[in-house]
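S.K.: pasting the sequence and the predicted model now:
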Amino acid sequence: RRAQLEQFLSGVKTNDTVIAYHSLQTADIFYKYKRKKRFKFVLELEEIYQDVVNCGPQKAAWERKVIMAADGYILATEALSKEIPAERPYIVVNGTYHSELERDVGFADGKIHCVYAGTFDPTKGGAAAAAAAEFLPEKYHVHILGFGTEEQKKQIQELIATVQKKTKCTLTYDGLKSGEEYIRFLQSCQIGLCTQIPDARYTETSFPSKVLVYLANGLRVLSARIPAVENSEVGGILYYYDTQSPQEIANAIMNIPMKEDYDSRQLLNQLDKDCERNLKRLLEKIDDESD
C-alpha cells in the first residue's frame, strides 16, 4: 500500500490538488511528497489519533507534521479547527449525509424500540444503553447490537442478562448486522442511542458516526451532551442528556416526544447539497491562494 501511494504521488504535478484521508500509516509519505512536489494538499481530518490511542512519539510527530503541511482541510467537527493553522481554509463535514430510502418495516408490537448500534468498547456507550433499560417501563424495547472483542461481547451479554431480570422493559442482545439487514433493523426502531462517555478525551474533537447513521434511517437520536455533537449541523434536531447515569439516560429516552413530526432525512439532504457547494468553494480558494 505504501509503495503504491509513493508511486502515485511521484506522478503528481505542482498544480495538481490531492485530497487525502488522515492516516497514521501514510502521514510521513504525504508530508515528504508535499514538501518535495509542492502540490496543493487537502487533508480530511476526523480525529487526532494520538488523543485516542498511544501511537508512539514518532507517529505522533508525523501526525502533527502532516496536519501542519496541508493547504486546506475537511474537518469532522468545528473543534478540530483548533488543531490547524489559524489562517488555513477549511470546511466542516460531520460524515456522510447520505439518507437511506424508507423501508416498510417495523416490529408491529406497539412498543417503542431503542437501538444502540456500534462498538462494545466500554467508553463508547453500549453498556450505558443497556443499563438504562433498568429504568424504562414495559412499553420500551432496547436493542444492543454491534461488535467487539470476545471479552467485550461476553461482558455486554452478562450485563444484559443481569439488567433484564430487574426491568419490565425488554432488553435484547441482537448480535452483529450489516448491509440491508442492518438498515432494515435500524428502520424498525424509533430511537437511536449515542451514549458514549462524554468526558473521554477524544469526544472534544471526534464526531460519532452512528449519529448520522441513525438520522439517515429516520430515527430520533439521543446523545450525551457533547459539544462536538451539540454544535454540529445536526445538533438542533437531536435530544440530549446531561449526566452519564442509567436513570438520566432512561429519563431522557422517556422525554423524547414520539408524536411530533420528525424528518431527519430532509436535513441530511440539505446538508449534502451544502457540502458539495462548500467543497467547491474550498478548492477554489486553495487554487486562488496558490496563484
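M.R.: Now that the structure is in, tell me what you want to look at. Residues are numbered from 1 along each chain as shown.

S.K.: all contacts plus neighbour counts: C-alpha atoms, from now on.
M.R.: OK.

S.K.: and the pLDDT for residue 50?
M.R.: Listed pLDDT for residue 50 reads 72.

S.K.: likewise for residue 17?
M.R.: pLDDT recorded at residue 17 is 96.

S.K.: now do the phi/psi pair for the closest residue to it other than its chain neighbours.
M.R.: Using C-alpha to C-alpha, 6 or more residues apart in numbering and skipping the chain neighbours, the partner closest in space to residue 17 is residue 40 (4.5 Å). Here is the backbone geometry of residue 40 (degrees, to the nearest 10): phi -80, psi 130.

S.K.: isn't residue 40 right next to residue 12, touching?
M.R.: No. Using C-alpha atoms under 8 Å, residue 40 is not in contact with residue 12; the gap is 9.9 Å.

S.K.: so those two - more neighbours on which side?
M.R.: Ranked by neighbour count (other C-alpha atoms under 10 Å), residue 40 and residue 12 place residue 40 first, with 22 against 17.

S.K.: from residue 220, how far off is the closest residue to residue 26 other than its chain neighbours?
M.R.: Leaving aside its chain neighbours, residue 26 sits nearest to residue 2 (7.0 Å; criterion: C-alpha to C-alpha, 6+ apart). Relative to residue 220, residue 2 is positioned 41 Å away (criterion: C-alpha to C-alpha, to the nearest Å).

S.K.: equivalent analysis for residue 249, please.
M.R.: Residue 249 sits 14 Å away from residue 220, going by C-alpha to C-alpha.

S.K.: these two - which one has more neighbours?
M.R.: Neighbour comparison, residue 249 and residue 220: the larger count goes to residue 249, with 27 against 23 (by other C-alpha under 10 Å).

S.K.: what segments of the stretch 51-200 of the chain are helices?
M.R.: Along the stretch 51-200 of the chain, counting by DSSP state H, counting those that start in this stretch, helices occupy 57-69, 126-132, 150-164, 179-187.

S.K.: same for the first one, what does it pack against?
M.R.: Helix 57-69 is packed against helix 27-37, with contacts defined by 3 or more C-alpha pairs under 8 Å, 6 or more residues apart in numbering; DSSP states H and E.

S.K.: the helix it packs on to helix 57-69, inter-axis angle?
M.R.: Orientation of helix 27-37 against helix 57-69 (axes from the mean of the first three to the mean of the last three C-alpha atoms, to 10 degrees) gives an angle of 40 degrees.

S.K.: what mean pLDDT does helix 27-37 get?
M.R.: In this model, helix 27-37 carries a mean pLDDT of 95.

S.K.: what's in contact with it?
M.R.: If you take C-alpha atoms under 8 Å, 6 or more residues apart in numbering as the criterion, helix 27-37 is touched by 2, 5-6, 9-10, 12-14, 40-41, 62-63, 65-66, 69.

S.K.: give the buried residues for it.
M.R.: Within helix 27-37, the residues that count as buried by 16 or more other C-alpha atoms under 10 Å are 27, 28, 29, 30, 31, 32, 34, 37.

S.K.: quick check: longest helix of the chain.
M.R.: helix 264-290 (DSSP state H).

S.K.: quick one, strands of the stretch 51-200 of the chain?
M.R.: Secondary structure of the stretch 51-200 of the chain (DSSP state E, counting those that start in this stretch): strands at 72-75, 90-92, 112-119, 140-147, 170-173, 191-194.

S.K.: export those to JSON lines and tack on mean pLDDT?
M.R.: Listed next are the strands of the stretch 51-200 of the chain as JSON lines, based on pLDDT from 0 to 100:
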{"stretch": "strand 72-75", "mean pLDDT": "96"}
{"stretch": "strand 90-92", "mean pLDDT": "96"}
{"stretch": "strand 112-119", "mean pLDDT": "96"}
{"stretch": "strand 140-147", "mean pLDDT": "97"}
{"stretch": "strand 170-173", "mean pLDDT": "97"}
{"stretch": "strand 191-194", "mean pLDDT": "97"}
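
S.K.: deepest in the core, which of these is it.
M.R.: Using mean count of other C-alpha atoms under 10 Å, the stretch among the strands of the stretch 51-200 of the chain with the largest mean neighbour count is strand 191-194, at a mean of 27.

S.K.: hmm, residue 225 is touching residue 241, no?
M.R.: Yes. Between residue 225 and residue 241 there is a contact under C-alpha under 8 Å: 5.9 Å.
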